[in-house]
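**Student:** fold the following for me, if possible:
(2 chains)
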Amino acid sequence: MNSGLIDGLFVFMLAGFVGFEVIRRVSPLLHTPLMSLTNALDAIAVVGAIVLVGEHQSKLAYGLGLLAVVAATSNVVGGFLITDRMLKMFKTSRPTKP
Amino acid sequence: MNTAFAGNQISIEFLYLLASALFILSLKWMSAPKTARHGVWAGEIGMVAAIAGTLLHHGIVDYRSIAIALVIGSGIGIPLGLVHMTAVPQRTALSHAFGALCVTLVGTAEFYLRTPDVPRFIMAVLSMEVILGSLTFTGTLMAAGKLQEVLPQRPLTYKGQNLVNLSLLAVAIAVAAYLVLNPGNRQLFPAMIALSLIFGVLMIVPIGGADMPTVISLLNSYAGLSAAAMGFVLDSKLLIIAGALDGSSGFILSVIMSKAMNRSFTNVLFGAFGQVQASDAAGGGEARTVRSATAEEAAGILAAANRVVVVPGYGMAVAQAQHKVRELYDSLRKRGVEVRFAVHPVAGRMPGHMNVLLAEADIPYDQLVEMDDINGDFPQTDVALVIGANDVTNPSARSDQSSPIYGMPILDVDKARTVMVIKRSMSPGFAGIDNPLYYMDKTLMLFGDAKSFVNGIVHELSGNTH
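**Tutor:** You can find the predicted model right below:
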């Protein structure tokens, strides 16, 4: 096992704890937008797919990569779009300054 | 390594670092409605930074294909971002499926690029990535189908179901273990994918509509974990971080959802809720009387009340009654009636479903009250108006130990002075459990479609003012 994997495990552990602490504080009011936002962020997997397409190492990798980029990009675009649409709707009854 | 290349590598890593920080900030800002939209912007900037960084990779030669795929993906994403708010649960499930598809495809491509020289640890995480990705893909597609009602929402169960499902998963894991030891076996890899895909379908078959909030959250968590596994395969810390964030988010939501149903994960996944009680409900069919009322009578009672609590449920979403509910809210407020909304964590088909619908109808979010905060207020409430909610108001969860939902935290609407329930008919809800609330003396049943009935009440209320 090389040091890169160990580093990865440390990063995973730390990010898991950060995620836990940050998300625990999200108001239940916003659980639906939270889910669509994390969905968009999770589509960061697009970076792996972009490399597959761009490097064009084999026909198979290229084809699968193309499909993967399409799938992930639709999540990025759709996820951010709908999250913002939902959040725009949340208003208080107390007047807030614009 | 020449210096230009090294410089490039530093820029890439720096952009990835920036993206990681922005992703964490993005979730942090989601904690309150005031800052939440900043969270979306942070996420968007982070995403652009990450994609820009990726395009700097020295190995990338084919920019045209990337551009085409990005454009097609955006073309699919935009309509998916513009769906109606009532369709948000199935849209969310569908996007989990897309995310899982991406991860599975990349994992598959990586396997065939690297085989037969795949180190054991990499092969293990790659298998995990592909197994989780595949089962999440078909599982969420099934969930989306059930939510969209192209598939039956009732759970489908048969004898030995759990045994069949678990052995299928066990075989998939055994294949993965074999691949870890023999990563050169190209033929076995598709078998592992196929087994996981089938498991994903069978896993959702026994799950009913009412369990969807938990299941969607759990699948969300799987999607995140598979992305994190992909991060290990590609040695990308950014992916590991994003995957871990998504994984923990899904995990926390599933814990909240299953707590709100007083059930464990295993119970949700292997318990097949509706089936057992369907027979129960049929057995307990002694004739009990219910009192029903018309829109006119309901309007009279509501107008005379001081405090009203509205309890929305999936029925409100199905009937798309939220805008009519807003009109009711307005006309009661005009009469000086205090109106608040009691939102149960598992009301609807996904976490936070009711809040989004009510916010869509312009109901201020400070009037939406969580279960624990409002339950103490029901005894001082004149009217509890239940619109299309059933199990989350069932008092037998508190008192009847034989009830399948015994122990589930509920909204104590039965403690209000008068209870009004808008419901299509007396048929039991998705979980198939009879609700004693309907037979109480203080309960008035308002039979009909939620939207038209609320409209009727609003009409009566406005008629009275003239």
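**Student:** off-centre distance for stretch B:44-54?
**Tutor:** 27 Å (Cα atoms, centre = their mean, to the nearest Å).
**Student:** for that stretch, which positions count as buried?
**Tutor:** B:44, B:46, B:47, B:49, B:50, B:51, B:53, B:54 (16 or more other Cβ atoms under 10 Å in any protein chain shown). The way it works is simple: take the backbone N, C-alpha and C, and place the C-beta from them, glycine included.
**Student:** what's the answer for stretch B:329-338, then?
**Tutor:** B:329, B:331, B:332, B:337.
**Student:** quick check: closest non-adjacent residue to the second one.
**Tutor:** Counting by Cβ to Cβ, 6 or more residues apart in numbering or on different chains, the nearest residue to residue B:331 once its immediate chain neighbours are dropped is residue B:461, at 4.7 Å.
**Student:** out of the buried residues of stretch B:329-338, which is nearest to residue B:24?
**Tutor:** Nearest to residue B:24 out of those is residue B:329 (Cβ to Cβ; 37.2 Å).
**Student:** give the contact list for that closest one.
**Tutor:** Residues near residue B:329 by Cβ atoms under 8 Å, 6 or more residues apart in numbering or on different chains: B:310, B:339, B:363, B:367.
**Student:** per-residue confidence at the closest residue to residue B:306 other than its chain neighbours?
**Tutor:** Closest residue to residue B:306 apart from its sequence neighbours, by Cβ to Cβ, 6+ apart: residue B:382 at 5.6 Å. pLDDT, residue B:382: 94.
**Student:** one more: residue B:104?
**Tutor:** Reported pLDDT for residue B:104: 96.
**Student:** repeat for the one 4 residues further on
**Tutor:** Looking at residue B:108, its pLDDT is 95.
**Student:** tell me which element residue B:351 is part of?
**Tutor:** Assigned by DSSP states H and E, residue B:351 belongs to no helix or strand.
**Student:** over to residue B:77?
**Tutor:** helix B:63-81.
**Student:** alpha carbons of that helix, in PDB - could you do that?
**Tutor:** This file holds the C-alpha atoms of helix B:63-81, laid out as PDB (Å, rounded to 0.1, in the frame of the first residue of the first chain):
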ATOM      1  CA  TYR B  63     -11.200  19.000 -26.300                       C
ATOM      2  CA  ARG B  64     -13.900  18.900 -28.900                       C
ATOM      3  CA  SER B  65     -15.500  15.700 -27.600                       C
ATOM      4  CA  ILE B  66     -15.400  17.000 -24.100                       C
ATOM      5  CA  ALA B  67     -17.200  20.200 -25.200                       C
ATOM      6  CA  ILE B  68     -19.800  18.200 -27.100                       C
ATOM      7  CA  ALA B  69     -20.500  16.000 -24.100                       C
ATOM      8  CA  LEU B  70     -20.700  19.000 -21.700                       C
ATOM      9  CA  VAL B  71     -23.200  20.700 -24.100                       C
ATOM     10  CA  ILE B  72     -25.400  17.600 -24.400                       C
ATOM     11  CA  GLY B  73     -25.200  17.000 -20.600                       C
ATOM     12  CA  SER B  74     -26.300  20.600 -20.000                       C
ATOM     13  CA  GLY B  75     -29.100  20.200 -22.500                       C
ATOM     14  CA  ILE B  76     -30.400  17.300 -20.500                       C
ATOM     15  CA  GLY B  77     -29.700  19.000 -17.200                       C
ATOM     16  CA  ILE B  78     -31.700  22.200 -17.800                       C
ATOM     17  CA  PRO B  79     -35.100  20.600 -18.300                       C
ATOM     18  CA  LEU B  80     -34.300  18.400 -15.200                       C
ATOM     19  CA  GLY B  81     -33.600  21.600 -13.300                       C
END
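**Student:** what packs against the following helix or strand past it?
**Tutor:** Next along the chain after helix B:63-81, taking DSSP H and E as the criterion, comes helix B:88-114. Helix B:88-114 sits against helix A:31-42, helix A:46-55, helix A:59-89, helix B:63-81, helix B:120-147, helix B:188-204, helix B:212-234, helix B:353-360, with contacts defined as 3 or more Cβ pairs under 8 Å, 6 or more residues apart in numbering or on different chains; DSSP states H and E.
**Student:** tilt between helix B:88-114 and helix B:188-204?
**Tutor:** 160 degrees (axes from the mean of the first three to the mean of the last three Cα atoms, to 10 degrees).
**Student:** off-centre distance for helix B:88-114?
**Tutor:** Taking the mean of its C-alpha atoms, helix B:88-114 sits 18 Å from the chain's own mean (Cα atoms, centre = their mean).
**Student:** quick one, it and helix B:120-147 angle?
**Tutor:** Angle of helix B:88-114 versus helix B:120-147, following the same axes, to 10 degrees, is 150 degrees.
**Student:** what does the average pLDDT come to for the helix or strand where residue B:19 lies?
**Tutor:** Following DSSP H and E, one finds residue B:19 within helix B:3-29. Here helix B:3-29 scores 88 as its mean pLDDT.
**Student:** any weak-confidence spans in the stretch 301-450 of chain B?
**Tutor:** Scanning the stretch 301-450 of chain B for pLDDT under 70 picks out B:427-432.
**Student:** check which helix or strand residue B:422 maps to.
**Tutor:** Secondary structure from DSSP H and E places residue B:422 in strand B:418-423.
**Student:** that strand pairs with which strands, parallel or anti?
**Tutor:** Sheet partners assigned to strand B:418-423 using DSSP bridges are listed as strand B:383-387 (parallel), strand B:443-447 (parallel).
**Student:** turn these into a markdown table, columns for distance to residue A:27.
**Tutor:** Output for the strands paired with strand B:418-423, formatted as a markdown table (distance: least, Cβ to Cβ, whole Å):
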| stretch | distance to residue A:27 |
| --- | --- |
| strand B:383-387 | 23 |
| strand B:443-447 | 31 |
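**Student:** contacts only, for the closest residue to residue B:204 other than its chain neighbours.
**Tutor:** In space, and not counting its chain neighbours, residue B:204 is closest to residue B:142: 3.8 Å by Cβ to Cβ, 6+ apart. Contact analysis of residue B:142 by Cβ under 8 Å, 6+ apart lists B:151, B:200, B:201, B:204, B:205.
**Student:** now residue B:260
**Tutor:** B:344, B:345, B:346, B:371, B:408, B:409.
**Student:** could you report the neighbour count for the residue nearest to residue B:306?
**Tutor:** Here the count is done by other Cβ atoms under 10 Å in any protein chain shown, and residue B:382 has 17 residues near it.
**Student:** for chain A, see how far away it is.
**Tutor:** Here the distance between residue B:382 and chain A works out to 21 Å (Cβ to the nearest Cβ, to the nearest Å).
**Student:** show me the contact partners of stretch B:48-67.
**Tutor:** Contact with stretch B:48-67 is made by A:44, A:46-47, A:50-51, A:53-56, A:62, A:66, A:69, B:5, B:8-9, B:11-16, B:18-19, B:22, B:238, as judged by Cβ under 8 Å, 6+ apart.
**Student:** which of these are buried, as a PyMOL select command?
**Tutor:** Selection of the buried residues among those in PyMOL, burial being defined by 16+ other Cβ under 10 Å:
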select buried, (chain A and resi 44+46+47+50+51+53+54+55+62+66+69) or (chain B and resi 12+15+16+18+19+22+238)
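**Student:** how close does the residue sitting nearest the centre point of chain A get to residue B:217?
**Tutor:** The centroid of chain A falls nearest to residue A:41 when counting by Cα atoms, centre = their mean (1.3 Å). Residue A:41 is 16 Å from residue B:217, where distance means Cβ to Cβ, to the nearest Å.
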